[in-house]
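In: next come a sequence and a model predicted from it.
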Amino acid sequence: MQSQQQQQQEQGNQATDVNGTGGNSNSSRSSSSSRSAVQQYLLDELVSSMAVSPKEEVRCAACLLLVSLVQLCRGSPLIASRLPQLQATFTGLLGDNNELTQDLAARGVSLVYSRGGGALQQQLLSQLLGLLQGSNAAAGAAGTTSVGAANVKLSGDSKVFQEGQLGNTPGGAGLTTYRELCSLANELGQPDLIYRFMDLARASSALSAKRGAAVGVARIARLAAASTAGGEQAGGGLAVLLGRERLAALLPKLYRLTHDPSPKVSDSMSAIWTALVDDPRAALDEHFDAIARSLLSDLGARLWRVRQAACSALTDLLAGRRWKQLAPQMEQLWTMSLRAVDDVKESVRGAAAGLLRALRGISLRCMDLQQTSAADVASCCAIVLPLLAGSQGIGSSVGDVRAVAADVLCTGIKTGGPAQVLPVLPVVVPVLLEALSGLEDARLNYVEQHAEAVGIDAERLAAARLAAARSSSISEALESAARSLTGPAAVELAPGLAALIRRGVGLNTKVGTARFIKGLASRLGQDLKPAAPQLLKPLLSAIRNENSGAVKRTYAGAAAAIAVRSVSDKRQDKFIADAVSSYGAVAMPIEPYILQQQPQQGAVANPDATPMSVDESFAADDASRQAGGLLLRELLRESGDTFSKHASQVLPVAFLATHDESSSVSSAWSAVWSEGCPSEPAALRLHTAELAGLIA
């Protein structure tokens with residue numbers, strides 16, 4: 001009985017098993033279909049809705065769930081079929097303001113890269129490199145803000161900026177959400193201001209996207225290193241993966257980003273730089289031109305952080321470079337650096353000041369014969385000195401720029417060597433002469449104009465200013481330039497010097513120009529003869545028209561030096577005759593009996609005496625009469641022998657002029673009379689005939 005019951009029970013169980021198996025098969029198919037629909041719905045919800053939600057925490061949660069799904073569901077066909085869409089989502093979230101979302105998105109990017117095929121990997125890598133280079137930042141449509149490659153829909157409570165990033169409104173309210181930004185724009189009566197805010201938001205998102213892309217590339221670099229046979233370093237695998245052309249295009253932007261003002265961005269980019277480049281110095285040497293051109297372009301970028309990073313990157317890039325590497329970029333380096341020093345952003349100006357110091361040191365080294373070859377010194381001087389002598393350098397309105405330009409100009413002229421600096425001196429010397437007054441404190445000119453009113457001796461003040469100018473580095477550079485000039489170069493320089501005599505402004509510039517001309521005449525002599533008329537004419541005119549006594553005297557000294565050393569004898573005679581006639585004294589016949597008078601005992605008659613008389617029809621003004629005395633006094637001091645040849649023509653007029661009613665005129669001619677004759681009684685006896693004609 002028991003065995004029959006057991007048999008019947010087993011048969012019932014078998015029937016039950018058969019029926020049950022058929023039911024489970026049907027329910028399994030139904031369950032699988034439901035599960036696939038749920039997975040499809042979840043992915044759509046995560047990708048299309050939550051990943052672009054206006055709420056920051058929702059986007060972060062969506063990213064976390066997506067990363068978990070990709071990592072845990074390795075064999076899921078659904079995940080495999082949606083990898084391109086997931087790639088776009090993760091790439092878009094790289095630019096999220098939330099750092100956790102960025103890190104999760106970077107993790108998701110690396111997971112997609114490891115799961116995808118070759119085409120997908122190349123596409124993903126291209127997108128990340130585009131974000132790093134700033135070429136893939138898409139502009140959002142109205143009501144959206146671009147974050148990496150995805151558009152996040154905005155609502156009134158969407159957080160556009162971080163707390164305190166834009167400060168507060170005048171009423172103390174924050175400026176973080178979209179609603180607050182719109183409210184501020186309406187209160188100010190400038191609705192278009194919201195577009196400016198969104199532009200700032202896009203720039204901030206682009207920066208965040210670069211940081212996220214950097215983390216993603218670093219993860220891919222480690223994957224590439226692991227998949228490369230024998231590749232212990234990430235750089236080898238990733239560099240091979242990128243290819244030479246893409247690597248060369250990436251390095252300039254990447255090098256600038258390693259100097260970004262944001263420590264987070266710079267640290268991320270430095271990690272990629274380390275992953276890509278095994279030997280940084282060799283990579284910089286190989287790609288120096290491309291990196292330098294890119295950084296120079298970035299110095300003029302719209303975003304201040306790009307300009308600041310470019311300044312810092314160039315400062316490091318230029319360290320230790322030789323002239324052959326710098327020559328193609330040197331002019332633009334100086335141009336853009338000088339412009340950056342006057343940037344509207346203070347932090348950019350600080351970085352540019354460091355760049356300018358580095359560039360100054362490099363330029364001075366390249367213009368020093370003791371450290372650089374003569375050919376390189378000449379090449380550097382030909383580029384740097386004229387540029388700094390222009391309006392961008394010493395002619396700039398920025399004081400720091402003028403100071404650096406003057407320093408480099410002066411030092412370069414002194415260390416460059418005569419032959420190397422000679423071609424640029426006709427351009428540089430007039431600029432340095434103008435700088436003698438241009439770099440002086442402008443308040444001194446005001447004091448000079450009101451010296452009498454405040455009880456200051458104008459002559460003593462002028463003497464003090466001139467003494468200070470003579471001890472300056474510019475004066476030392478001008479002396480070095482004068483020693484380097486040759487005759488042809490001085491003739492080429494003459495028009496610039498003549499222009500300064502006519503239109504020069506400032507006591508130091510006028511006196512410095514005259515002293516420079518006098519030094520040239522003393523050193524070059526007859527080599528300056530072709531330029532002598534061009535210089536003498538403005539000098540003689542300026543002596544009469546100038547008000548400052550110090551300037552008159554130095555102009556007279558320069559004219560006398562040219563007359564003694566750089567003109568023909570005939571032109572020299574005319575110079576002296578014109579100076580004498582400036583007092584109104586001309587050669588005229590006098591009474592015959594005066595010439596027949598015997599000189600007194602002990603006197604010697606002058607056989608070459610030329611009778612003189614004062615032509616009353618010639619009414620010379622005080623300035624002209626004084627100018628003649630100054631010219632002859634400087635001629636006497638420049639060459640006593642030349643003066644002695646014309647003493648009979650000069651001394652009688654000088655004696656008469658010592659009694660002139662004008663103190664300035666009598667003072668100038670008194671010096672001629674007292675210095676020109678060793679003994680007054682003997683001179684009077686010697687020139688009796690001439691004096692008689694003048695007094696008659």
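Out: That came through, no problem.
In: run a quick neighbour tally on residue 358.
Out: If you count neighbours by other CB atoms under 10 Å, residue 358 ends up with 20. For glycine as for every other residue, the C-beta is placed from the backbone atoms N, C-alpha and C.
In: do a quick rundown of the helices in the stretch 401-550 of the chain.
Out: With helices called from DSSP state H, counting those that start in this stretch, the stretch 401-550 of the chain shows them at 418-421, 425-438, 443-449, 458-470, 473-484, 487-503, 507-524, 532-545, 549-565.
In: where among the ones you listed is the average confidence lowest?
Out: Lowest mean pLDDT within the helices of the stretch 401-550 of the chain: helix 443-449, at a mean of 70.
In: what are the buried residues along stretch 651-665?
Out: For stretch 651-665, a neighbour-count test (16 or more other CB atoms under 10 Å) marks 651-658, 660, 664-665 as buried.
In: could I get those as TSV with distance to residue 33 and pLDDT?
Out: Shown next, in TSV, are the buried residues of stretch 651-665 (distance: CB to CB, whole Å; pLDDT from 0 to 100):
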residue	distance to residue 33	pLDDT
651	130	84
652	132	83
653	127	85
654	126	84
655	131	84
656	130	82
657	125	84
658	128	85
660	125	84
664	117	86
665	121	88
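In: hmm, back to that, the helices of the stretch 401-550 of the chain into TSV, with extra columns for mean neighbour count and distance to residue 638?
Out: Shown next, in TSV, are the helices of the stretch 401-550 of the chain (neighbours: other CB atoms under 10 Å; distance: least, CB to CB, whole Å):
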stretch	mean neighbour count	distance to residue 638
helix 418-421	19	26
helix 425-438	23	22
helix 443-449	13	29
helix 458-470	15	20
helix 473-484	19	17
helix 487-503	18	18
helix 507-524	24	9
helix 532-545	18	14
helix 549-565	24	5
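In: could you say which one of these comes nearest to residue 305?
Out: Among the helices of the stretch 401-550 of the chain, helix 425-438 comes nearest to residue 305, with 35.0 Å by CB to CB.
In: hey, where'd the strands end up in the protein?
Out: For the chain, the strands defined by DSSP state E occupy 144-147, 150-153, 585-587, 612-614.
In: what sits against the nearest residue to residue 298 once chain neighbours are set aside?
Out: Spatial nearest neighbour of residue 298, chain neighbours left out: residue 310 (3.8 Å); criterion: CB to CB, 6 or more residues apart in numbering. Listed by CB atoms under 8 Å, 6 or more residues apart in numbering, the contact set of residue 310 reads 256, 259, 295-296, 298-299, 301.
In: closest to residue 353 out of those residues?
Out: Of all these, residue 299 has the smallest distance to residue 353: 13.6 Å, by CB to CB.
In: count the neighbours of the nearest residue to that closest one once chain neighbours are set aside for me.
Out: Leaving aside its sequence neighbours, residue 299 sits nearest to residue 336 (CB to CB, 6+ apart; 4.2 Å). As a burial measure, residue 336 scores 22 neighbours (other CB under 10 Å).
In: same deal with residue 405?
Out: 29.
In: before we move on, what about residue 108?
Out: 27.
In: and the pLDDT at it?
Out: For residue 108, the predicted pLDDT is 82.
In: residue contacts, it?
Out: Contacts of residue 108 by CB under 8 Å, 6+ apart are 63, 66-67, 70, 86, 89-90, 93.
In: need the contact partners of stretch 38-50.
Out: 58-59, 61-62, 65-66, 69, 76, 78, 82, 85-86, 89.
In: what subset of those residues is buried?
Out: Buried subset of the contacts of stretch 38-50 (neighbour count, 16+ other CB under 10 Å): 59, 61-62, 65-66, 69, 82, 86, 89.
In: would you format those residues as CSV with distance to residue 511 included?
Out: Listed next are these as CSV, based on distance: CB to CB, whole Å:
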residue, distance to residue 511
59, 73
61, 79
62, 78
65, 82
66, 79
69, 85
82, 84
86, 79
89, 76
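In: going by distance to residue 101, which of those residues wins?
Out: The closest of those, once distances to residue 101 are taken by CB to CB, is residue 59, at 5.8 Å.
In: what sits against the closest one?
Out: Neighbour list for residue 59: 50-53, 93, 96, 98, 101, 152 [criterion: CB under 8 Å, 6+ apart].
In: report pLDDT for it.
Out: Confidence score, pLDDT, at residue 59: 85.
In: and what of the one 10 residues further on?
Out: Residue 69 carries a pLDDT score of 86 in this model.
In: residue contacts, it?
Out: Counting by CB under 8 Å, 6+ apart, residue 69 makes contact with 43, 76, 79.
In: go with 7 Å
Out: Applying CB atoms under 7 Å, 6 or more residues apart in numbering to residue 69 gives the contacts residue 79.
In: where in the stretch 201-350 of the chain is pLDDT low?
Out: Low-confidence segments of the stretch 201-350 of the chain, defined by pLDDT under 70: 201-244.
In: meant to ask about the stretch 51-200 of the chain
Out: Across the stretch 51-200 of the chain, the ranges flagged by pLDDT under 70 are 117-118, 121-122, 124-125, 127-200.
In: residue 352 contacts residue 342, correct?
Out: No. Residue 352 is not in contact with residue 342 according to CB atoms under 7 Å; the separation is 8.4 Å.
In: those two: which is more packed in?
Out: Between residue 352 and residue 342, residue 352 has the larger neighbour count (other CB under 10 Å), namely 28 against 14.
In: need the contact list for that one.
Out: Contact analysis of residue 352 by CB under 7 Å, 6+ apart lists 311, 337, 340-341, 343.
In: highest neighbour count among those residues?
Out: Within these, most neighbours by other CB under 10 Å means residue 311, with 30 neighbours.
In: roughly how far apart are the nearest residue in space to that one that is not next to it in sequence and residue 310?
Out: Counting by CB to CB, 6+ apart, residue 311 lies nearest to residue 351, which is 3.7 Å off, once chain neighbours are set aside. As defined by CB to CB, to the nearest Å, residue 351 lies at a distance of 8 Å from residue 310.
In: overlap in contacts of those two?
Out: With CB under 7 Å, 6+ apart as the test, residue 351 and residue 310 reach no residue in common.
In: hang on, the earlier thing: looking at the buried ones among the contacts of stretch 38-50, spot the one nearest residue 399.
Out: Minimum distance to residue 399 across the buried ones among the contacts of stretch 38-50 is 50.1 Å, recorded for residue 59 (CB to CB).
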